[in-house]
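Undergrad: sharing a model that was predicted from the sequence below.
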Amino acid sequence: MNTLQITYYTILRNIRNWKLFLLLIGAPFVFYLICVNISPNVNQGINSEKFEIAYLDADGGPIAQQFEQFLQTKEILTAFDLQKVDSLDDGNQLVKGGKIEALIYLKKDLSKSLNQGEKTNIEVYGNKSISATRLMVEDFINTVNTASAIKKIAGDIDVREVSIGIEQIAVSSTGKTLHDADKYPFIGCLEMLAYGALLGCFSVINSIKKNTLIRFNISPINSFAYVSGQFIGNFLTLCPSSGLFIAYTYYVWGGFMLGNILNIILNFLLLTVILTALGMIVGYLTKKTGISVLIIVCLNGLLGTAALVGATGTASGFLKWILFLSPHYYTYLIITDTIFNGFTSRIQSSLISLAMFATVLTVLTIFWGRRKAV
Amino acid sequence: MLVEVKNLVKRYKDVLAVDNVSLSIEEGEILGLLGPNGAGKTTTINAMIGLTKPDSGEILIFSKKFKEHELEIKRDLGVVPQDIAIFEDLTAYENLSYFGRLYGLKGPLLKERVEEALEFTGLLDKKKQYPKKFSNGMKRRLNIACALVHHPKLIIMDEPTVGIDPQSRNHIIQSIKKLTKMGSTIIYISHYMEEIEEICTTIVIMDQGRVIAKGTKEELKALMTSDERVVVELSTANYTVVDNIKKLSGVKDAYVNGTELTVISQKNSKNLNGIIDQVSESSEIISLNVEQPSLETVFLTLTGRSLRD
């Protein structure tokens, strides 16, 4: 009961703090409105942009024939411009020269090896945007696996990067993709949403600075009730902002929606939990407004940048590692895959990652929140 | 016994904040806790209300061990923190309603108690206003109301009148007097000697983490009755007279501060005429005052420093 009361008053106070409320809810809303006007225009005509790829068949066996048939399907032809090359050197030259984006190499005795039950691989040589090709090859492998033609090939695509850039581009069966130019406002909107972490942070710091925390410490309620009430209150205050983002994605790309919008809603619920918890943890640890704002802005910038370079396929080094910790990136994957691909294993793994983050951060929030005011 | 603190010790790294403090408070008693900054008053209180974990010692409130019955004890405690602890973005009524609910009040009883606390602190007509528009004195009164809304058995007030105008201070003092008449038990911490003298039935003086004296104000003043203090205001500063005065019978000490001469003598020394004779030889006497020991004197003598040091 106490938790609900604390939740109610936390929401009431958050709303009455209208400057902060406007900053955290209103500003993203304006940003979404701006992006709504930009994104659909950019998104038009995506279908006309096909991926230029080549393939080299050094095998000539039944698997190679199956692959060639697969390449001639309507879905593949909608998204890819294909050409055949005669040697690996020729193909690599095309990749290096930027004339094609990837080269698929079916090496000699691929069919024979598979026939004998040996594990083998299909090599993909890429310049920058190998993800689309990779997805296509994965799709082929899955098809072959389903037909039980081969047993152990799944997951063994050997990607040889000619340059370090790898572009993550979702390719749907309808051929519609999210254009690069749309990724910038999309990640920008996510970053705006992520500034919501400041709400939890300010809520914690205010209760310490304005001495109200002491009132709860001396009240006959346990600290868990207080922290969870404050947490839920901040979470619910941030939810409208997430709701606006869901509306934004639905409005902009809803027409392409292949997956279940519940995945997107679940994603935003988890993301809002993460943002609330993260903000409160920073507040508990620093207890100072200035330094907390600095930490949240820098952290948001770092995670957002990682997501952006991950989305555009230019992540490398440190940022490649940060990608694993970026809720922004997981959100990007879940939303784009849900819209353009329906359901992919990436949605599943990203949701699990977000759920793990949310759990860990919530536990830490409750742990640190139980500290006394004195 | 409503409160019993036995051999309380609290150490912060190398600093011994509370050194073996023992206190007891009877029901209906108003206990004043006096001491300079860093004397250990607030740490003692914080240990009593569970904000600080003591290193050793035992705290019994309402004859129950605090550790084992924390929530039960807190239900009957009303604490007025030293710093104002109210939500500025909730109205006065909402503040009291919020804190009242935390103590299990609801429905018509909550409404009644909130109105009562507002009326008691003179804020009923401001109940719909936000505290950010309040004066410091009004905020202090709301701070007190928040501690009273649930009718606690024991009220702890930590410097409730700091930094406010005399009018608000007077209002608060009168409110506390009303509470005492209603039979409340109060622990009152203050720097203001006159407040303690006016309100409290028992006074505890703390210094450097220890209790150095305890008793009624009469008992404490009696500690000082072995000395008499005569203060003479002179027309001009006269330092030469001090040596002669020190030779008078019963005089323990004499000193001049500007044009003011202070003479401390043993009780019943009957040397007032001698002092007047000595002084009037060289200066004109403007005024003469034989001072009774005040709580300030008691404090100064016991701790060796002024309360506001």
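TA: Sure thing, it's come through. Numbers count the residues shown, from 1 in each chain, chains lettered A, B, ... in the order given.
Undergrad: OK, now which residue of the stretch 201-309 of chain B is nearest to chain A?
TA: Nearest residue of the stretch 201-309 of chain B to chain A (CB to the nearest CB) works out as B:G209 at 16.5 Å. The C-beta positions use only the backbone N, C-alpha and C, and glycine is treated the same way.
Undergrad: wait, doesn't that residue sit right on B:D19?
TA: Yes: in this structure B:G209 lies within contact range of B:D19 using CB atoms under 8 Å: 3.9 Å.
Undergrad: contacts only, for the closest residue to chain A within the stretch 151-300 of chain B.
TA: Proximity of the stretch 151-300 of chain B to chain A (CB to the nearest CB) peaks at B:I156, 8.9 Å away. Contacts of B:I156 were listed using CB atoms under 8 Å, 6 or more residues apart in numbering or on different chains, and they are B:I45, B:M48, B:I49, B:L77, B:G78, B:V79, B:V80, B:A147, B:I186, B:I187, B:I189.
Undergrad: swap in 6 Å and give it another go.
TA: For B:I156, the set of contacting residues under the criterion of CB atoms under 6 Å, 6 or more residues apart in numbering or on different chains consists of B:I45, B:V79, B:I187.
Undergrad: outline the domain layout of the chain.
TA: Chain wasn't specified; assuming chain A. According to automatic domain parsing, chain A comprises the domains A:2-44+A:179-369, A:50-161.
Undergrad: can you look at chain B instead?
TA: Under the assignment automatic domain parsing, the domains of chain B span B:3-216, B:227-292.
Undergrad: where does the closest residue in space to A:M257 that isn't next to it in sequence fall, secondary structure wise?
TA: Nearest in space to A:M257, with sequence neighbours left out and distances taken as CB to CB, 6 or more residues apart in numbering or on different chains, is A:I339 at 5.4 Å. Secondary structure assigned from DSSP states H and E places A:I339 in helix A:327-341.
Undergrad: B:R11 and B:P54 touch, don't they?
TA: No: under the criterion of CB atoms under 6 Å, B:R11 lies out of contact with B:P54, with a separation of 9.4 Å.
Undergrad: tell me which parts of chain B are close to chain A?
TA: Those residues of chain B that sit near chain A, judged by CB under 6 Å from any CB of the partner chain, are B:46, B:49, B:51-52, B:71, B:74-75, B:79, B:81, B:83, B:85, B:87, B:89, B:98, B:101-102.
Undergrad: coming back round to it: tell me the pLDDT of the residue of the stretch 201-309 of chain B closest to chain A.
TA: According to the per-residue confidence, B:G209 scores 90 in pLDDT.
Undergrad: residue contacts, it?
TA: Contact partners of B:G209, counting by CB under 6 Å, 6+ apart, are B:L16, B:A17, B:V18, B:D19, B:G40.
Undergrad: separation between the nearest residue to the last one once chain neighbours are set aside and B:N7?
TA: Leaving aside its sequence neighbours, B:G40 sits nearest to B:G209 (CB to CB, 6+ apart; 4.0 Å). Counting by CB to CB, to the nearest Å, the separation of B:G209 from B:N7 is 12 Å.
Undergrad: same deal with A:G26?
TA: Using CB to CB, A:G26 is found at 58 Å from B:N7.
Undergrad: same thing with A:I214?
TA: Separation of A:I214 from B:N7 (CB to CB) stands at 26 Å.
Undergrad: what residue in the stretch 51-200 of chain A comes nearest to chain B?
TA: The stretch 51-200 of chain A approaches chain B most closely through A:L199 (13.7 Å), counting by CB to the nearest CB.
Undergrad: quick one: terminal-to-terminal distance for stretch B:289-298?
TA: Between the opening and closing residues of stretch B:289-298 lies a distance of 18 Å (CA to CA, to the nearest Å).
Undergrad: what comes into contact with that stretch?
TA: Counting contacts by CB under 6 Å, 6+ apart, the residues outside stretch B:289-298 that touch it are B:M193, B:E197, B:L220, B:K221, B:M224, B:R229, B:V230, B:V231.
Undergrad: the last one sits in which helix or strand?
TA: Right, the one you point to is B:V231. Secondary-structure element containing B:V231, defined by DSSP H and E: strand B:227-234.
Undergrad: for the second one, same thing?
TA: Taking DSSP H and E as the criterion, B:E197 maps to helix B:193-199.
Undergrad: in the chain, which spans are strands?
TA: Picked chain A for this. Counting by DSSP state E, chain A has these strands, from start to end: A:51-57, A:80-84, A:102-106, A:122-126, A:157-161.
Undergrad: was after chain B, sorry
TA: Taking DSSP E to define them, one finds strands in chain B at B:3-12, B:15-25, B:30-34, B:56-61, B:64-65, B:77-80, B:154-158, B:185-189, B:202-207, B:210-215, B:227-234, B:251-257, B:260-266, B:285-291.
Undergrad: quick one: average pLDDT of the fifth one?
TA: So the one you mean is strand B:64-65. For strand B:64-65, the per-residue pLDDT averages 90.
Undergrad: what's the answer for the last one, then?
TA: Confidence for strand B:285-291, expressed as mean pLDDT, is 87.
Undergrad: point out the most buried one among the domains of chain B.
TA: Taking mean count of other CB atoms under 10 Å in any protein chain shown as the contact definition, the stretch among the domains of chain B with the greatest mean neighbour count is domain B:3-216, which reaches a mean of 19.
Undergrad: would you work out how far apart the start and end of that domain are?
TA: From start residue to end residue, domain B:3-216 stretches across 18 Å - CA to CA.
Undergrad: residues in the stretch 101-250 of chain A within reach of chain B, list them.
TA: Contact residues of the stretch 101-250 of chain A with respect to chain B, defined by CB under 6 Å from any CB, are listed as A:N211, A:T212, A:I214, A:R215, A:N217, A:I218, A:S219, A:P220, A:I221.
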